[in-house]
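In: Structure for the following, please:
(2 chains)
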Amino acid sequence: MIDRLCDQAGGQNAAVACFYFDFAAQKEQSPTSVLGSLLKQAVGGLEEVPGELATTYENQKKVIGGRGPQLSGIVRMLQTTSSKKPTFICIDALDECAAGYRVKILDSLNQILDKSPGTRVFVTGRAHIRPEIGRCFAGRATSVSVSPKRDDIITYLRTRLHEDTTPDAMDSSLEAAILKKIPEDISEM
Amino acid sequence: MSQYFSNNENSLNTVTTVNVSNNFTVADNRSSILAWLSPLEPRLRHQDVRASRVGNIGEWLLQTKEFRSWYTGSEGGESNNAVLFCYGNPGVGKTFIR
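Out: The predicted structure is shown next:
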C-alpha cells in the first residue's frame, strides 16, 4: 500500500509516512517516538526544515543534556505540514501497539485530522481494536475486512514455487496438488 | 541576536555552519533535527516488507468502494472517511497489500 501510494503520490507531490508496530518493540514505540517518526518522514520530503521545528530543536539544546521532543509540539507540526501538502499516513498492526499508547496515538491522529481533514490515514490491525477506532474517529472511519483471496494465494504460491531451490523434487502433479490444496485450506481461515 | 551564515568553502562537502552570538556552532542542522525527532526507522521495516512481497497482492482492495471513497475523499467536507481501517486475523496478509 505504501509503495502504491508513493508511486501515485509522487505525481501529486504528496507526502507518505508509514509506521509498523511490533509486539517485540512495544516499549520503544511510544506515542512521541511514533508521531515523531511520522513527522520525520513528512519533514524529510520537504526542501526546508520548518522554522518552528528548527527553533524548537535549538531551544531544547540549551537545556543541559538536551530534551526530547514533546508530543503536543509534534502533533502541532504534523497539523501544519499536512495542511500544506496532501499527506498519507499508513499504520500497520496497530493492535500490536501497547494499549495505553494506542489511545494517545489514535487521539493524536484525530487531532491532526481536526486541523487537516484532507489527510488520509490507512490503518491495519486485528478486528478487536475496531471499536476503539470507531470511538476515536467517529464518523471519519470506514472498515474493510481483509481475508486471503484465492487469486492472491495462487500468485504467491506460484512465485515461491518458481523460486524453489530444489526444482528437481517438483513435478507437475505435485505442483497441481499444492496449488489446489493450500488455497482450499486457507479459505477456511 | 546577531546571527550570520558562512559557507566553509575549504571542505569538499561544503558544510554550512551557523554561528550564533553565544558561539554555538551547528553543522548541518537537518540530519540532527531529524534524528532528534525520533530514533525509530520504520522505513527499514518497509524495505523488508517490500522485498518479500509478491506481485500485486491485495489488488482487490483498491477496487472496493471503501478504498475509493477513502482515496478520493481528499477534497470532500467533514465526514469524508479520512480513516480506512483494514482488519483481519494474523497472517491474512494485511501488511503485504500492494
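In: can we go C-alpha only for contacts and neighbour counts from here?
Out: Will do.
In: how much space is there between the residue lying closest to A:Gln79 once chain neighbours are set aside and A:Gly100?
Out: Nearest residue to A:Gln79, sequence neighbours excluded (CA to CA, 6 or more residues apart in numbering or on different chains): A:Ile112, at 4.9 Å. Using CA to CA, to the nearest Å, A:Ile112 is found at 19 Å from A:Gly100.
In: which one of those two has more residues nearby?
Out: Neighbour count, other CA atoms under 10 Å in any protein chain shown: between A:Ile112 and A:Gly100, A:Ile112 has more, with 22 against 10.
In: Buried residues, the particular helix or strand that has the more buried one in it. List them.
Out: Assigning secondary structure by DSSP states H and E places A:Ile112 in helix A:99-115. Buried positions in helix A:99-115, judged by neighbour count with 16 or more other CA atoms under 10 Å in any protein chain shown: A:Tyr101, A:Arg102, A:Ile105, A:Leu106, A:Asp107, A:Ser108, A:Leu109, A:Asn110, A:Gln111, A:Ile112, A:Leu113.
In: Tell me which residues are up against the helix or strand encompassing A:Val144.
Out: Assigned by DSSP H and E, A:Val144 belongs to strand A:141-145. Strand A:141-145 has contacts (CA atoms under 8 Å, 6 or more residues apart in numbering or on different chains) with A:Arg130, A:Ile133, A:Gly134, B:Glu66, B:Asn81, B:Ala82, B:Val83, B:Leu84, B:Phe85, B:Cys86, B:Tyr87, B:Gly88.
In: List the contacts of the second one.
Out: Residues in contact with A:Ile133, defined by CA under 8 Å, 6+ apart, are A:Leu106, A:Ala141, B:Phe85.
In: Show me what the residue nearest to the spatial centre of chain A bridges to in the sheet.
Out: Compute the mean C-alpha point of chain A, and by CA atoms, centre = their mean the closest residue is A:Ile91, 2.1 Å away. Beta bridges link A:Ile91 to A:Phe19, A:Val123 when assigned by DSSP bridges.
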